[in-house]
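J.: Here's a sequence, model it:
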Amino acid sequence: MKRQDARGRTAGVGLAVMLLALAGCGQSNQENGAAQAAPQVVVSHPVQKKVREWDEYTGRFAALDEVEIRARVSGYLTAIHFKDGDTVLKGDLLFVIDPRPYQAALDAARAQVAQAKSQVTLAQRELDRASDLRRTQAVSQSVLDTRSQQLQAAQAALMAAEADARAAALNLEFTEIRSPVSGRVSNHRVSIGNLVGGGSAESTLLTTIVSLDPIHFYFDADQASYLRYQRLNQAGDRPSNRDLAHEVELALPGENGFVHKGRLDFVDNRIDPSTGTIRLRAIFENGDNGFTPGLFGRLHLVGRADYDGLLVPDSAIGTDQNRRFVMVVDGDNKVGTRPVTLGPVIDGLRVVREGLQAKDRIITAGLMRVRPGATVTPVEKPIGVADRGAQP
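T.: The predicted structure is shown next:
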């Protein structure tokens, strides 16, 4: 009896162990099934839109006209008719040099003109009398010739006197120094009462003026960009910078976005051999005087002709050494990779130049959870609605 009871207890223990083992296997299979469930990812179609690519350059503003105001006649400075830093118009009076010596010189020159005119009148009358007498043979031909030569000499003297008078009038006019351009004047370099020299290369510098509206912006493009523009022009994809005043955009330091619009108006005739760059220039309206010569800025120049492009968020782009790729989900919800050629960022999205089609479903979130060939559970959301770069 005792042996039978022992055997019964042994059989019961074995049955319990088997049940526990079966229960454990069932739980393990459930866990493995859960682990092998397809991961969820966000997929989107690339954004299709008209794309304009910009090349970015840095440069500085420069005035169209920058003039050194120098004296053209010598004398003592008697008046200054502007405040340092004023905005002046073309023709505004800036400085006055003592005009009295030049007024006296003009008066003397005009007196010489009057005297020369009287000599011409006298010579003409004598020639007329000699002509009348010659007709009656009262004077010789040599006398008539002499009278004619005297008239010509008097007329030449009158012309010289009139020229001297015009020069004297110019010198008197130069005592009032006026602005040759509209713009902003610098500070005066000479104070009232000082003697200034004029009329030579060493004439006294009185101040400077720079024009403000419109204003130029100079920048340098590297030779690789210059050659790319040339090839695009030859292929008919982008007109040459020399043939078309391309639109440009500009941003000042501290500004968000390129809000200032201008146009290209000059390309230099050679590449600088010391820097490998070529100088370009744009022109901007500056009616509010917001731009100042010497001011730094960033400029966008059209890099290529507008085209229909595909754009994706940067969070959808993977990197394998030097290769860029995106992961796409096919009709069977399997993951594959597509190598892509990228362009610039436009409106927060990256341009994909090659490697994608508009119908492709790309993984925009959950990229780190999948591998090529894996099956996924896609959740479709348009780009811009899905949380870019977020994991589901």
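
J.: can we go C-alpha only for contacts and neighbour counts from here?
T.: OK.

J.: now the helices for this protein?
T.: Remark: helices assigned in the chain by DSSP state H are 2-35, 100-135, 141-174, 223-234.

J.: Mean pLDDT lowest where, among the ones you listed?
T.: Lowest mean pLDDT of the helices of the chain: helix 2-35, a mean of 47.

J.: how is this structure carved up into domains?
T.: Listed by automatic domain parsing, the domain ranges of the chain are 40-51+308-380, 54-63+213-305, 65-96+180-210, 99-174.

J.: so can I have TSV of those domains showing mean neighbour count?
T.: Shown next, in TSV, are these (neighbours: other Cα atoms under 10 Å):
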stretch	mean neighbour count
domain 40-51+308-380	17
domain 54-63+213-305	16
domain 65-96+180-210	17
domain 99-174	17
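
J.: contacting residues for residue 376?
T.: 38-41, 333-335, 370 (Cα atoms under 8 Å, 6 or more residues apart in numbering).

J.: Next: residue 266.
T.: 241-242, 280-282.

J.: Same check on residue 103?
T.: Contact analysis of residue 103 by Cα under 8 Å, 6+ apart lists 168-169, 172.

J.: Surely residue 268 and residue 278 touch.
T.: Yes. Residue 268 lies in contact with residue 278 (Cα atoms under 8 Å); the separation is 6.4 Å.

J.: Identify the farthest-apart pair in the contacts of residue 266.
T.: The largest separation in the contacts of residue 266, counting by Cα to Cα, is between 242 and 282 at 12.0 Å.

J.: Which residues outside stretch 181-189 are in contact with it?
T.: Outside stretch 181-189, the residues touching it (Cα under 8 Å, 6+ apart) are 65, 83-91, 205-213.

J.: quick one: contacts for residue 179?
T.: By Cα under 8 Å, 6+ apart, the contact list for residue 179 reads 69, 88-94.

J.: between the residues you listed, which is closest to residue 146?
T.: For these, the nearest to residue 146 is residue 91 (50.9 Å; Cα to Cα).

J.: Could you measure from the closest one over to residue 318?
T.: To residue 318, residue 91 is 64 Å away according to Cα to Cα, to the nearest Å.

J.: Mind giving me the packing neighbours of the lengthiest strand in the chain?
T.: As assigned by DSSP state E, the longest strand anywhere in the chain is strand 54-63. Secondary-structure packing of strand 54-63 (3 or more Cα pairs under 8 Å, 6 or more residues apart in numbering; DSSP states H and E): strand 215-222, strand 296-302.

J.: So which of the ones you listed is nearest residue 346?
T.: strand 296-302 (12.5 Å).

J.: Report the contact partners of residue 249.
T.: The neighbours of residue 249, taking Cα under 8 Å, 6+ apart as the test, are 258-262, 299-301.

J.: Now do it, the pLDDT please.
T.: Model confidence at residue 249 (pLDDT) stands at 91.

J.: For the nearest residue to residue 360 once chain neighbours are set aside, give me phi and psi.
T.: Nearest residue to residue 360, sequence neighbours excluded (Cα to Cα, 6 or more residues apart in numbering): residue 45, at 5.9 Å. Dihedral angles phi and psi of residue 45 (degrees, to the nearest 10) take the values phi -90, psi 150.

J.: Isn't residue 45 up against residue 379?
T.: No. In this structure, residue 45 is not within contact of residue 379 by Cα under 8 Å, at 11.7 Å.

J.: quick one: the residue nearest to residue 360 from residue 207, how far?
T.: Relative to residue 207, residue 45 is positioned 63 Å away (Cα to Cα).

J.: Then residue 39?
T.: Residue 39 is 75 Å from residue 207, where distance means Cα to Cα.

J.: what stretches of the stretch 251-392 of the chain score poorly on pLDDT?
T.: For the stretch 251-392 of the chain, residues meeting the criterion pLDDT under 70 lie at 385-392.
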